[in-house]
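Novice: build me a model:
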Amino acid sequence: MIEKDLNWKKGYEFLDKEFQSIVKEAETGRRYLDKLIRVWRKDDLETWLLIHIEVQGTSEINFPERMYVYNYRTYDRYRRPVASLAVLTDESVSWRPDRFGYEIWGCEVSFRFPVVKILDYNKREEKLLQDKNSFALVVLSQLKAMETRNNPDARTRWKFDLVKRLYQKGYSKKDVIQLFSFIDWVMSLPQKFSRRFWDNLISFEEEYKMPYVTSVEKIGIEKGMQQGMQQGMLLDAQDMLIEVLTERFGGVSDELSEQIKRIKSREKLKNLIRQALRVKSSEEFGEKVVSN
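Specialist: Presented below is the predicted three-dimensional model:
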């Protein structure tokens, strides 16, 4: 419905800086995957609207309220219609928030927003594999990342299969690299399995003459591959710590992220990961980093 109503000839515009400002004003914490996009409709006046897309990875009681706050603050700033869309990547089948509202003394506020639940695509694997839309592989990558969380061998096989399909679907080199980056991030592997994956991929590229790996390496997708196993393990631990904090508290400040990247001891990082799972706030965790 939305796709058919848009004037794609007018293009679109990401408003990342503006959205971060709205988030800061709302005092709800920094979000890394949320997007605010300006698009144009196909009506005679070519009026434009704003689409706010929220990606939520965990069930959270305040999520509907945050959707409402972002929506009205965006409208307040631009005085344009705002369509708020939610993509739920969590693993709870029953958690499906799609509205926020309240009523007091005859005054009523009601806000509803469309929701896409990634888990709903769990039984559509074959359809996703055949679909030429690049987002089909994005969805499948997320599903397989959840499915293989405790099975690195299976994750390695699926990751390689998904990347091969990237190359075979006729996407541009730029699209391949961008999608590769997402798959590599969401389907991260222990060093041993990561090396196996890269060996297989390099052999595949050589066989089919698809030299994309060089470009991928330039943007640092294979963390630490050229820095030796030890350095790679260190980077993995740093990234894992940041990922745990982002999952628990919705984001990591630039200052805290820099502090974590300055830590060169894997044992210290492992200890901090354990603490990140126990603390009640990012501020409390920040104090742990300083005290260590």
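Novice: I'd assumed V87 was in contact with F113.
Specialist: No. Look at F113 against V87 with C-beta atoms under 8 Å: they stay out of range, at 11.1 Å. For the C-beta atoms, the positions are set from N, CA and C on the backbone; glycine is no exception.
Novice: pull the distance from stretch 142-156 to the chain's centre.
Specialist: Between the centre of stretch 142-156 and the centre of its chain there are 17 Å (C-alpha atoms, centre = their mean, to the nearest Å).
Novice: and stretch 100-115, what's buried?
Specialist: 100, 111, 113, 115 (16 or more other C-beta atoms under 10 Å).
Novice: roughly how far does the second one sit from A86?
Specialist: As defined by C-beta to C-beta, to the nearest Å, F111 lies at a distance of 12 Å from A86.
Novice: show me the common contact partners of these two, please.
Specialist: Residues touching both F111 and A86 (C-beta atoms under 8 Å, 6 or more residues apart in numbering): M67.
Novice: residues near the closest residue to K35 other than its chain neighbours, how many?
Specialist: The shortest distance from K35 to any non-neighbouring residue, by C-beta to C-beta, 6 or more residues apart in numbering, is to I53 (4.7 Å). I53 has 16 neighbouring residues, counting by other C-beta atoms under 10 Å.
Novice: so I53 makes contact with D16?
Specialist: No. Under the criterion of C-beta under 8 Å, I53 is not in contact with D16, lying 11.8 Å apart.
Novice: shared neighbours of these two, anything?
Specialist: Listed contacts common to I53 and D16 are 35-36; contacts here mean C-beta under 8 Å, 6+ apart.
Novice: okay, and the helix or strand of this structure with the least pLDDT?
Specialist: The weakest-scoring helix or strand in the chain, judged by mean pLDDT, DSSP states H and E, is helix 213-218 (a mean of 50).
Novice: what sits up against stretch 71-86?
Specialist: Here stretch 71-86 has contacts from 2, 18-19, 22, 25-26, 36, 47-54, 56, 63, 67, 70, 97-98, 111, 113-116, using C-beta under 8 Å, 6+ apart.
Novice: now with 7 Å?
Specialist: 22, 25-26, 36, 48-54, 56, 67, 70, 111, 113-115 (C-beta atoms under 7 Å, 6 or more residues apart in numbering).
Novice: list only buried entries from those residues.
Specialist: 22, 36, 48-54, 56, 67, 70, 111, 113, 115.
Novice: which one of the residues you listed sits closest to K9?
Specialist: Nearest to K9, judged by C-beta to C-beta, of the buried ones among the contacts of stretch 71-86 is W48 at 13.0 Å.
Novice: show the pLDDT at the closest one.
Specialist: Looking at W48, its pLDDT stands at 74.
Novice: enumerate every residue touching it.
Specialist: When contacts are counted by C-beta under 7 Å, 6+ apart, W48 touches 38-41, 80.
Novice: relative to F113, how far out is it?
Specialist: 19 Å.
Novice: and if you look at I202?
Specialist: Separation of I202 from F113 (C-beta to C-beta): 44 Å.
Novice: with K164 instead?
Specialist: Distance from K164 to F113, by C-beta to C-beta: 36 Å.
Novice: just checking, I118 touches D90?
Specialist: No. With contact defined as C-beta atoms under 7 Å, I118 does not reach D90; the gap is 8.2 Å.
Novice: out of the two, name the residue with the larger neighbour count.
Specialist: Ranked by neighbour count (other C-beta under 10 Å), I118 and D90 place I118 first, with 19 against 16.
Novice: who's the closest spatial neighbour of that one, skipping the chain neighbours?
Specialist: T89 (4.9 Å).
Novice: which stretches of the stretch 101-250 of the chain form strands?
Specialist: Secondary structure of the stretch 101-250 of the chain (DSSP state E, counting those that start in this stretch): strands at 107-112, 115-117.
Novice: would you list those strands in JSON lines and tack on distance to S253 and mean pLDDT?
Specialist: Converted to JSON lines, the strands of the stretch 101-250 of the chain look like this (distance: least, C-beta to C-beta, whole Å; pLDDT from 0 to 100):
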{"stretch": "strand 107-112", "distance to S253": "29", "mean pLDDT": "95"}
{"stretch": "strand 115-117", "distance to S253": "29", "mean pLDDT": "90"}
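Novice: and the residue nearest to L241 when sequence neighbours are not counted, how many neighbours does it have?
Specialist: Closest residue to L241 apart from its sequence neighbours, by C-beta to C-beta, 6+ apart: I273 at 5.1 Å. Residues contacting I273 under the criterion other C-beta under 10 Å number 16.
Novice: cool, and V139?
Specialist: For V139, the number of neighbouring residues by other C-beta under 10 Å comes to 20.
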